[in-house]
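1. All I have is the shape, not the residue letters:
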C-alpha cells in the first residue's frame, strides 16, 4: 500500500501544521500535497513556509496567498492581517510564494488527480458539497479525483466517474472542531481510499502569538472550530 496526504488552508498556523506533519510521518506517507491558502489570518507565516519546505510539500497558490503576494489590501474586502503578513514575510518566502502553481494534475496508481484551491475555474470559487456547481466541475474536469480546499469543511462525494474530496482546513477549521483537518489517501488493490483525520495541536501557542501581535479577534474561531 502506498499513501499520500492532502492538506489545505493552513493560514499561517504553524503549530497546527507541525502536529499534522508529525502524524503524517508516522503513517509512512510518500508524498504530501497542499491545496493552498498557506498564509493569512494567523501570525506564523515564515514558520509555516519553513515547515512546508522542510517536508518537501508540493503546494498550490490559494486566494489568500495571491492577495498577500499582490498586495491586495482593502479594509472592505481583505483581513487587516494581510498587510502585516506581506511585511513580515522574508524576501526568500515572497519568492517561494510567487513560484506556486494554481493547479496540479497527476496520475497515481492508474487514477487521474486534479488538484486546485477553490475550483478548476478559479481559486475564488467554492466547491461546496452537494451543489450543482460542484457537480458541473466534477463532470467537466476529466479526472477520477478532484481535490479542492477553500471551504474549510471536509467531505468526499462522488459525481458519476469523479470523486470530489475536500480535506478541510489544517489551520482554521470550520467543521465544529478545533482540531486540524486533513485527508490520508491509501492506494490499495486498484482503489484509492480516503480517510479523514482530525489532529489535535497546542492551540495556545498560536492564540498567544495572535494576542501578542494585536490580532486577538481571530482567537475565538480557532478555539471553537467555527467560522
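-> Right, received. Where do you want to start? Since the structure is predicted, the reported quantities are computational estimates derived from the model, not experimental observations.
2. what residues are up against residue 216?
-> residue 210 (CB atoms under 8 Å, 6 or more residues apart in numbering). C-beta coordinates here come from the backbone N, C-alpha and C atoms, glycine included.
3. need the helices for the chain, in chain order.
-> Remark: helices assigned in the chain by DSSP state H are 14-26, 45-54, 63-69, 81-88, 91-98, 132-140, 203-212, 219-224.
4. Same list (the ones you listed) but as CSV, adding mean neighbour count and mean pLDDT.
-> CSV is the format used below for those (neighbours: other CB atoms under 10 Å; pLDDT from 0 to 100):
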stretch, mean neighbour count, mean pLDDT
helix 14-26, 21, 98
helix 45-54, 19, 99
helix 63-69, 23, 95
helix 81-88, 19, 94
helix 91-98, 13, 98
helix 132-140, 16, 97
helix 203-212, 16, 97
helix 219-224, 15, 93
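5. who wins for proximity to residue 37 among these?
-> Nearest to residue 37, of all the helices of the chain, is helix 63-69, at 4.6 Å by CB to CB.
6. Contacts for the closest one, please.
-> With CB under 8 Å, 6+ apart, helix 63-69 has contacts from 11, 36-41, 61, 72, 78, 82, 85-86, 89, 94, 97-98, 100, 117-118, 123-124, 150.
7. ok, 7 Å please
-> Here helix 63-69 makes contact (CB atoms under 7 Å, 6 or more residues apart in numbering) with 36-40, 78, 82, 85-86, 97-98, 100, 117-118, 123-124.
8. Quick check: the farthest pair among the residues you listed?
-> 86 and 118 (21.1 Å).
9. if we can go back for a sec, how about the helices of the chain in JSON lines, adding distance to residue 197?
-> Putting those into JSON lines (distance: least, CB to CB, whole Å) gives the following:
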{"stretch": "helix 14-26", "distance to residue 197": "7"}
{"stretch": "helix 45-54", "distance to residue 197": "17"}
{"stretch": "helix 63-69", "distance to residue 197": "23"}
{"stretch": "helix 81-88", "distance to residue 197": "27"}
{"stretch": "helix 91-98", "distance to residue 197": "26"}
{"stretch": "helix 132-140", "distance to residue 197": "22"}
{"stretch": "helix 203-212", "distance to residue 197": "17"}
{"stretch": "helix 219-224", "distance to residue 197": "18"}
